[in-house]
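S.K.: coords below, sequence missing:
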Ligand SMILES: Nc1ncnc2c1ncn2[C@@H]1O[C@H](COP(=O)(O)OP(=O)(O)OP(=O)(O)O)[C@@H](O)[C@H]1O
């Protein structure tokens with residue numbers, strides 16, 4: 001058990017609701033499904049569990065955190081390293097897609113880290129080659145669990161990790177997300193499939209309010225042709241210090257036709273027409289990993305930014321200064337709406353107002369209404 005975690009030193013003085021409710025369950029050793037709003041502090045809850053069980057004297061992988069994207073992995077690694085009590089020898093390795101796996105391989109063989117934060121593909125590559133084993137693993141966390149189980153690319157590796165590379169009887173398993181659709185069914189599957197032990201607990205914080213209540217949702221209607229101009233007028237009116245503009249993925253048809261991606265078109269438009277003082281940056285799948293990292297670093301350092309992003313930035317990414325979210329394209333599902341909206345309102349004890357604004361075409365009204373019903377929020381019409 002590691003004592004002297006540097007909580008107060010890094011600004012964590014009062015526990016959030018999810019931390020208050022989950023920590024007694026986690027510390028009792030029970031498997032747990034952590035189900036709480038975006039920005040509610042689930043990361044710290046599972047990291048505190050990890051630091052409470054690992055033995056710094058032991059040289060073995062004792063905790064594994066699996067995340068869906070490199071960006072989320074880098075963020076979790078940073079918080080895990082910040083929490084580590086200084087004189088102790090606790091190492092946290094980030095084993096993420098786009099990383100230097102060859103270097104990690106030598107490191108893993110020479111001196112196994114105490115905690116690994118991994119994306120599933122990179123992790124399985126190492127496990128399949130027997131580079132390291134999970135026999136000393138005490139805690140396994142799957143973050144954004146619903147996303148991982150929904151992704152056809154990740155699900156078979158995830159199942160292997162949960163049942164073949166390790167057994168639920170020899171570890172404490174924690175699943176975390178702000179959205180677990182059909183959670184009763186999921187709980188049943190966890191037990192049936194032996195992803196968790198039978199006495200797994202579902203910690204569901206604030207079930208009647210899936211999104212933070214201080215988010216203000218708004219919409220503007222315009223034709224497809226007017227969308228760039230509408231967004232520009234909106235930005236000029238809001239003058240956000242820090243905001244994220246979500247843009248849909250480019251369709252295969254548009255790619256084949258050789259068109260520029262909608263993100264690029266939008267960035268080019270804003271750079272020439274928007275006079276706000278913020279940096280305008282891009283984050284999307286097509287970029288190489290170094291450029292993606294550079295964008296996020298710039299965003300974090302600058303404090304004043306407009307980030308144009310695809311859904312890659314919608315899950316888990318923590319940019320607490322973000323006060324405005326713009327859905328330039330409506331997300332495909334209500335769950336995607338919840339996670340995009342959740343990139344703002346991420347200061348647990350603040351009552352600063354945060355805005356989620358949807359630019360929709362007349363025929364999309366009913367889609368937005370469906371999201372409103374499903375996620376129980378009210379979207380006000382905005383007239384510029
Ligand atoms: N006890 C606390 N006191 C102050 N700030 C906190 C506390 N716990 C967490 N935070 C901060 O709240 C923010 C959101 O936390 P975190 O990233 O863990 O959210 P989350 O619940 O994982 O959200 P998501 O579902 O979107 O991934 C972070 O900036 C984190 O530093």
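M.R.: Everything's here; your move. None of the values given here were measured: they were computed from a predicted structure.

S.K.: buried ones in the strand or helix carrying residue 77, by neighbour count?
M.R.: Element membership of residue 77, judged by DSSP states H and E, is helix 70-83. For helix 70-83, the buried set under the neighbour-count rule, 16 or more other Cβ atoms under 10 Å, comprises 70-77, 79-80, 82-83. To be clear about C-beta, it is placed using only N, CA and C from the backbone, and glycine gets the same treatment.

S.K.: show me what contacts the residue of the stretch 151-300 of the chain found nearest the ligand?
M.R.: Residue of the stretch 151-300 of the chain nearest the ligand, by Cβ to the nearest ligand atom: residue 178 (3.9 Å). Neighbour list for residue 178: 35-38, 40, 42, 210, 338-339, 342 [criterion: Cβ atoms under 8 Å, 6 or more residues apart in numbering].

S.K.: widest-spaced pair of the buried residues of helix 70-83?
M.R.: Greatest spatial distance in the buried residues of helix 70-83: 70 and 83, 20.7 Å, computed using Cβ to Cβ.

S.K.: buried residues of the helix or strand just after the helix holding residue 77, list them for me.
M.R.: Scanning forward in sequence from helix 70-83 by DSSP H and E, the next helix or strand is strand 92-95. Using 16+ other Cβ under 10 Å as the test for burial, strand 92-95 gives 92-95.

S.K.: now those in TSV, with pLDDT and distance to the ligand?
M.R.: Formatted as TSV, the buried residues of strand 92-95 follow (pLDDT from 0 to 100; distance: Cβ to the nearest ligand atom, whole Å):
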residue	pLDDT	distance to the ligand
92	95	16
93	95	20
94	95	16
95	95	20
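
S.K.: which one of those residues sits closest to residue 24?
M.R.: residue 92 (25.2 Å).

S.K.: and residue 197, what does it touch?
M.R.: Residue 197 touches 30-31, 168-169, 173, 191, counting by Cβ under 8 Å, 6+ apart.

S.K.: buried only: go through those for me.
M.R.: Looks like the contacts of residue 197 have 30-31, 168, 173 buried, using 16+ other Cβ under 10 Å.

S.K.: helices of this structure, residue ranges please.
M.R.: Ranges of helices within the chain are 17-27, 42-53, 70-83, 101-110, 120-128, 145-150, 152-163, 183-192, 227-238, 252-256, 262-273, 289-302, 334-341, 365-375, based on DSSP state H.

S.K.: turn those into TSV, including mean pLDDT and distance to the ligand.
M.R.: Listed next are these as TSV, based on pLDDT from 0 to 100; distance: least, Cβ to the nearest ligand atom, whole Å:
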stretch	mean pLDDT	distance to the ligand
helix 17-27	97	6
helix 42-53	96	3
helix 70-83	94	7
helix 101-110	82	25
helix 120-128	93	17
helix 145-150	94	10
helix 152-163	92	17
helix 183-192	97	15
helix 227-238	96	22
helix 252-256	92	29
helix 262-273	94	22
helix 289-302	80	11
helix 334-341	98	7
helix 365-375	97	14
